[in-house]
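Visitor: got a sequence here, can you build the structure:
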Amino acid sequence: MTVTAPTRPKRRLTGLKPTGHLQLGNLLGAIRPMIQEQYRSDTIAFLADLHALTVEHDPGAIRARTLEQATALLAAGLDPDRALLYAQSQVPEHTELHFLLECATGYGEAHRMIQFKEKAAAQEHVRLSLLSYPVLMAADVLLHDTEEVPVGEDQRQHMELTRTIALRFNARYGPTFTVPVGVAPEVAARVMDLAEPRSKMGKTGNGAGVIFLLDPPEVIRRKVMRAITDSHRTVGYEPEFRPGVANLLTILAACVGSTPAALAGDFPSYGPLKRAVVEAVDGLLRPIRTRYKELARDPGYVNRVLEEGAERARDSAAGTVHRAKRAIGLLA
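Guide: Take a look at the predicted model:
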């Protein structure tokens, strides 16, 4: 009789940058899938506060947003007994591995990153960390022997760089890193701004077209009812030609567990569609708002979760850094 050893659940890592308030796109595209996966995957969630330093920022706001996002993740259902949650800056192995990976990365590889070019073009003073942060992102992933990383379209290039660095390091210095793969969310991978439906919903900006996780019901209703649609009289799912309506249908589909195309035929006009979106979104966010208020009354609990998570992360990460240092030629 042959006994088969049980397989370890795949390790999946998600990072969130505390540069603004978490919003509906974050919830549907990253947070909710992560919470669902925590019951069948080895789930790691970290707050990428070091990445937030690559551009002009308010130090106090970074600290406040980091705690706010940790609280929101717990309120949304992340279980610290099942998933690992911590702040990136509290695990120095991230920056230690970052430098080792820079020693295996070419300047041209970092410089050709599209996000670097776009962000650098909009700044008068470009920080060196903005150039090298894709390598720090690679360190974030490789540090934990990560196998799967949920990525949106705007992060695919960075994910490919991570894989390239890992493969090159392994080839030059011996087997050291698990080579991860990027996985796309099944639905609502790219929720768009309600006021500018050809632009992705973000955590910053004036917020007129962004539904934040902690928005009260009346604010959600106002934003959705003012959402840009088009001059057509019927509801149809045509993302390329009717992005505003397509975005509303995508949001509704993600909330109720259907598909945008299937829902399009349920609404005779935009008014009923928008009211259905308001009801579905508020129903999704209401328990998160309630739980957030409870957690916010005890910030000590959230800080303890982060501290304990950082300790666990360091225990896991120390072995990876040790392997990398020995492989690349350092005394260990």
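Visitor: and P268, that's in a helix?
Guide: No - assigned with DSSP: H, G, I helix; E, B strand; the rest coil, P268 falls outside any helix and is coil.
Visitor: which ones are touching it?
Guide: By Cβ atoms under 8 Å, 6 or more residues apart in numbering, the residues touching P268 are T234, V235. Using the backbone N, CA and C atoms, a C-beta is placed for each residue, glycine as well.
Visitor: in this structure, which spans are helices?
Guide: Applying DSSP state H to the chain gives helices spanning 24-26, 32-37, 59-76, 93-102, 107-111, 114-121, 128-142, 156-173, 217-225, 243-256, 260-264, 270-296, 299-328.
Visitor: for K203, find the nearest of these.
Guide: helix 24-26 (7.1 Å; Cβ to Cβ).
Visitor: CSV for the helices of the chain, including mean pLDDT, mean neighbour count and distance to L194?
Guide: Output for the helices of the chain, formatted as CSV (pLDDT from 0 to 100; neighbours: other Cβ atoms under 10 Å; distance: least, Cβ to Cβ, whole Å):
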stretch, mean pLDDT, mean neighbour count, distance to L194
helix 24-26, 94, 24, 9
helix 32-37, 93, 19, 19
helix 59-76, 97, 20, 20
helix 93-102, 97, 19, 35
helix 107-111, 84, 12, 34
helix 114-121, 71, 13, 23
helix 128-142, 91, 22, 29
helix 156-173, 94, 18, 25
helix 217-225, 98, 16, 6
helix 243-256, 95, 23, 7
helix 260-264, 95, 17, 15
helix 270-296, 97, 17, 9
helix 299-328, 97, 16, 30
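Visitor: closest to E196 out of those?
Guide: Across these, E196 has its closest neighbour in helix 243-256 (9.2 Å, Cβ to Cβ).
Visitor: what sits up against the closest one?
Guide: Under the criterion Cβ under 8 Å, 6+ apart, residues 24, 28, 187-188, 191-192, 194, 197-198, 224, 227-230, 232, 235-239, 258-264, 270, 273-274, 276-277, 280-281, 283-284 lie in contact with helix 243-256.
Visitor: next: stretch 281-296.
Guide: 24, 27, 71-72, 74-76, 211, 213-217, 220-221, 224, 251, 255, 301-302.
Visitor: got CSV for the helices of the chain, with distance to H51 too?
Guide: What follows is these, written out as CSV (distance: least, Cβ to Cβ, whole Å):
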stretch, distance to H51
helix 24-26, 15
helix 32-37, 18
helix 59-76, 10
helix 93-102, 10
helix 107-111, 14
helix 114-121, 11
helix 128-142, 6
helix 156-173, 11
helix 217-225, 28
helix 243-256, 26
helix 260-264, 32
helix 270-296, 23
helix 299-328, 16
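Visitor: select, out of those helices, the one closest to G15.
Guide: It is, among the helices of the chain and with distance given as Cβ to Cβ, helix 128-142, at 5.9 Å.
Visitor: and the angle from the closest one to helix 93-102?
Guide: 100 degrees (axes from the mean of the first three to the mean of the last three Cα atoms, to 10 degrees).
Visitor: can you spell out which helices and strands pack onto helix 128-142?
Guide: Helix 128-142 is packed against strand 11-16, helix 93-102, helix 107-111, helix 114-121, helix 156-173, with contacts defined by 3 or more Cβ pairs under 8 Å, 6 or more residues apart in numbering; DSSP states H and E.
Visitor: how near is T164 to P180?
Guide: Distance, T164 to P180, by Cβ to Cβ, to the nearest Å: 12 Å.
Visitor: revised request: answer the last question for N26.
Guide: 21 Å.
Visitor: and L331, by the same measure?
Guide: 28 Å.
Visitor: tally of neighbours for the nearest residue to T178 once chain neighbours are set aside?
Guide: Among residues not flanking T178 along the chain, D145 sits closest, at 4.2 Å (Cβ to Cβ, 6 or more residues apart in numbering). A total of 17 residues lie near D145 under the criterion other Cβ atoms under 10 Å.
Visitor: touching, D145 and F177? I think so.
Guide: Yes - D145 is within contact range of F177, at 7.5 Å (criterion: Cβ atoms under 8 Å).
Visitor: who touches both of the two?
Guide: Common neighbours of D145 and F177 (Cβ under 8 Å, 6+ apart) are T320.
Visitor: which residues touch A76?
Guide: If you count contacts by Cβ under 8 Å, 6+ apart, A76 has them with L27, I31, R32, I35, L213, I288, R291.
Visitor: looking at these, which is nearest T43?
Guide: For those, the nearest to T43 is I35 (8.5 Å; Cβ to Cβ).
Visitor: how far away is that closest one from T71?
Guide: Distance of I35 to T71, given as Cβ to Cβ: 15 Å.
Visitor: pop the domain breakdown of the protein in here.
Guide: 11-188+298-328, 217-294 (automatic domain parsing).
Visitor: can I get those domains in TSV including distance to G207?
Guide: Below are those laid out as TSV (distance: least, Cβ to Cβ, whole Å):
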stretch	distance to G207
domain 11-188+298-328	8
domain 217-294	8
